[in-house]
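Trainee: Turn this into a model:
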Amino acid sequence: MDDSPIIRLEAERLQSSGVLGEARMRRLFDYLVETTLAGRSPKEIAIAVDVFGKDADFDVSQDALVRVYVHKLRRVLDDYYAAPENEARQAIQIPKGEYRLKLVSARALAAVEDVSAAAPPTGGRRLSIAYGIAALGLVAMIASVVLMFRTPRSEVERVRANPIWASLLKDDRPIMIVVGDYYLIGETDSMGVRRLVREYTVNSRSDLDHFVAEHPEVADRYIDVGLRYLPVSSAFALRDVMAVLAPQNRRISISKMSDVEPSSLKSDDIVYIGYLSGMGMLQDLMFTPESRFALGDSYDEVIDKKTKHSYASEVGSQVMDPPQPTGKEQAYHDYGMFAKFRGPGGNAILVIAGTRDEGVSQTAETFTSNQRLQEFGQQADITHPIEALLEVSAFDGVNLGGKLVLQSNREAAAIVSTADARAPAPVAASQAR
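Mentor: As a prediction, the model looks like this:
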């Protein structure tokens, strides 16, 4: 049977749904659709050249760009067809280890995750053994049915069941998603607003009033112009987090950090998304004496207070002094931070942050992935307040993957460091095999 018409129809549905996100992902999907319909399964180097504009001498063994994007696309497709409204349809799948599209039943795809594939043995046996096997088969069938109802059916449901998220989701407080923003100040002269200024200590209108009171020399020049800056990565991270939070029967609000009232930090469960430098009042709750980490003066570095080692983002240098393009550019590093702890009112606070965009995006992907949460849980006691630092590998503004550098329970007497004990294990390294 020729599946081409169905693949093309499903591809159009996916493209119009908006789930494919960024341009590179859409380009890769379109390319795989066309090569699949043409009966071809392209090599990794062909994808690197045709989709990502690399030279023919691009070394795929040293750069995982193609594998990373195929892995991300595979996740997008799996999540899309896991939704109840899509499970009755035919599903487009990327088989493991291949660069082509395959048509399968969405329900069959979901069933593979939850139902045991074991089948009772057959063949010429004595009657008593056959009865025993039949009984075992019945028990296995009943167990499978029970598991279907007791085991979360989708990737996102498994994430919700993880202790990292379960304690938040089982609470009955309102959930406030706080997006870190930069409060921009207008600097004026006789002609009006001359430029926009960012003062790192000014994160709200009240902060501006205090700043002007302490620096009277700027009183006639600094005004609130009602402008805020939101990092691009916040949108992608918000998409990942909302997939986990959305089905809960809870009131969920979204606020910019510059608009948050101090009382909300006690009354609501908080999920912070954004730059470490945009945390505002939350910095005082995050970087307490119980925390292993501190922010550097540049806000582009995280300091391990125990070893005094500094982890500095390389994103700034890439932007300010970009390397000359040679076709063989190397990945650079950013850093992401995750924390889970109790706020001043006993409320839950989760922090998904980074020094720059790449760190924010990778931290969100890591801590909304069931596989990565399972790996993290094997190395840390995630039932207690915890914080973690990720080293993020990035290329051309895209987070390629990350590895756990440090983790620490926030009780001062119970600090645990994977860097001290053993080589860091990959937590979020995206690899498509």
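
Trainee: residues near the closest residue in space to L37 that isn't next to it in sequence, how many?
Mentor: Among residues not flanking L37 along the chain, S4 sits closest, at 5.3 Å (C-beta to C-beta, 6 or more residues apart in numbering). Bear in mind the C-beta positions are built from the backbone N, C-alpha and C, glycine included. S4 has 14 neighbouring residues, counting by other C-beta atoms under 10 Å.

Trainee: same thing with P5?
Mentor: The number of residues near P5, taken as other C-beta under 10 Å, comes to 9.

Trainee: Just the element for it, please.
Mentor: Using DSSP states H and E, P5 maps to helix 4-17.

Trainee: List the contacts of that helix.
Mentor: For helix 4-17, the external contacting residues (C-beta atoms under 8 Å, 6 or more residues apart in numbering) are 20, 26, 29-30, 33, 36-37, 77, 80, 89-92, 101, 103.

Trainee: now do stretch 290-310
Mentor: Here stretch 290-310 has contacts from 200, 275-277, 283, 287, 311-313, 315-316, 335, 337, 339, 355-356, 387, 389, 406, 408, 410-412, 415, 417, 419, using C-beta under 8 Å, 6+ apart.

Trainee: With stretch 260-271 instead?
Mentor: Residues contacting stretch 260-271 (C-beta under 8 Å, 6+ apart): 168, 171, 173-178, 241, 245, 253, 255, 280-282, 285, 343-345, 347-350, 352.

Trainee: Let me know the helix or strand that the residue nearest in space to the middle of the chain is in.
Mentor: The chain has E365 as the residue nearest its centroid, 1.7 Å off, counting by C-alpha atoms, centre = their mean. E365 belongs to helix 357-366 when assigned by DSSP H and E.

Trainee: Could I get the full set of helices for the stretch 51-200 of the chain?
Mentor: 65-82, 106-114, 127-150, 155-161, 163-169 (DSSP state H, counting those that start in this stretch).

Trainee: Among these, show the one with the smallest mean pLDDT.
Mentor: The weakest mean pLDDT among the helices of the stretch 51-200 of the chain belongs to helix 127-150, with a mean of 37.

Trainee: correct me, but K72 touches M25?
Mentor: Yes: at 6.6 Å, K72 counts as touching M25 under the criterion of C-beta atoms under 8 Å.

Trainee: So for the two, which sits in the more crowded spot?
Mentor: Taking other C-beta under 10 Å, K72 and M25 do not tie; K72 has more neighbours (22 against 16).

Trainee: how far out from the middle of the chain is stretch 49-66?
Mentor: Remark: stretch 49-66 is offset 24 Å from the chain centroid, using C-alpha atoms, centre = their mean, to the nearest Å.

Trainee: that older thread, what helices or strands is the helix holding E365 leaning on?
Mentor: helix 233-245, strand 269-275, strand 332-342, strand 348-354, helix 370-377, strand 386-395, strand 398-409 (3 or more C-beta pairs under 8 Å, 6 or more residues apart in numbering; DSSP states H and E).

Trainee: Rounded mean pLDDT for the fifth one, please.
Mentor: The predicted model gives helix 370-377 an average pLDDT of 87.

Trainee: in it, what's buried?
Mentor: 370, 372-373, 375-376 (16 or more other C-beta atoms under 10 Å).

Trainee: Go through these and say which is closest to N399.
Mentor: Of all those, R372 has the smallest distance to N399: 13.0 Å, by C-beta to C-beta.

Trainee: so the closest one sits right up against T366, yeah?
Mentor: Yes: the criterion here is C-beta under 8 Å, and R372 meets it with T366 at 4.7 Å.

Trainee: Got the confidence number for M320?
Mentor: On the pLDDT scale, M320 is placed at 67.

Trainee: wait, E34
Mentor: With respect to pLDDT, E34 has a value of 92.

Trainee: got it, and V225?
Mentor: 86.

Trainee: Now do the contacts for the nearest residue to it once chain neighbours are set aside.
Mentor: Sequence neighbours aside, G186 is the residue nearest to V225 in space, at 3.6 Å (criterion: C-beta to C-beta, 6+ apart). Shown in contact with G186 (C-beta under 8 Å, 6+ apart): 193, 195-197, 222-225, 227.

Trainee: How about P163?
Mentor: Counting by C-beta under 8 Å, 6+ apart, P163 touches 377, 382-383.

Trainee: I'd say G316 and D357 touch.
Mentor: No: counting by C-beta under 8 Å, G316 sits too far from D357 to count as a contact (11.5 Å).

Trainee: Same drill for these two, tell me which one is more crowded.
Mentor: Neighbour count, other C-beta under 10 Å: between G316 and D357, D357 has more, with 23 against 14.

Trainee: Quick check: what element follows the helix holding P5 along the chain?
Mentor: With DSSP H and E, the next secondary element past helix 4-17 is helix 23-37.

Trainee: now that following helix, how far from the centre of its chain.
Mentor: 23 Å.

Trainee: Report the buried residues of stretch 75-94.
Mentor: Neighbour counts using 16+ other C-beta under 10 Å place 75-82, 86-87, 90-94 of stretch 75-94 among the buried residues.

Trainee: neighbours of D381, just the number please.
Mentor: D381 has 13 nearby residues by other C-beta under 10 Å.

Trainee: how about it, what does it touch?
Mentor: D381 sits next to N409 when contact means C-beta under 8 Å, 6+ apart.

Trainee: what's the spacing between it and E391?
Mentor: 22 Å (C-beta to C-beta, to the nearest Å).

Trainee: What of S361?
Mentor: 14 Å.

Trainee: higher neighbour count, those two?
Mentor: S361 (28 against 20).

Trainee: Test my guess that L245 contacts R251.
Mentor: No: if you go by C-beta under 8 Å, L245 and R251 don't touch, sitting 11.0 Å apart.

Trainee: before we move on, back to that, now tell me which of the contacts of helix 4-17 the prediction trusts least.
Mentor: R89 (66).

Trainee: what kind of secondary structure is L227 in?
Mentor: Look at L227: counting by DSSP: H, G, I helix; E, B strand; the rest coil, its state is strand.

Trainee: OK, contacts around it?
Mentor: Counted by C-beta under 8 Å, 6+ apart, L227 has contacts 184, 186, 196.

Trainee: Repeat that for G354.
Mentor: Taking C-beta under 8 Å, 6+ apart, one finds 233, 275-276, 334-337, 360-363, 392 in contact with G354.

Trainee: possible to save those residues as TSV with pLDDT?
Mentor: Shown next, in TSV, are those (pLDDT from 0 to 100):
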residue	pLDDT
S233	91
Y275	94
L276	93
D334	94
Y335	96
G336	96
M337	96
V360	95
S361	93
Q362	94
T363	95
V392	94
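
Trainee: Now for the closest residue in space to V232 that isn't next to it in sequence: which residues touch it?
Mentor: Leaving out its chain neighbours, the residue that sits closest to V232 by C-beta to C-beta, 6+ apart is D357, at 5.6 Å. Contacts for D357 (C-beta under 8 Å, 6+ apart) come out as 231-233, 315, 334, 397.
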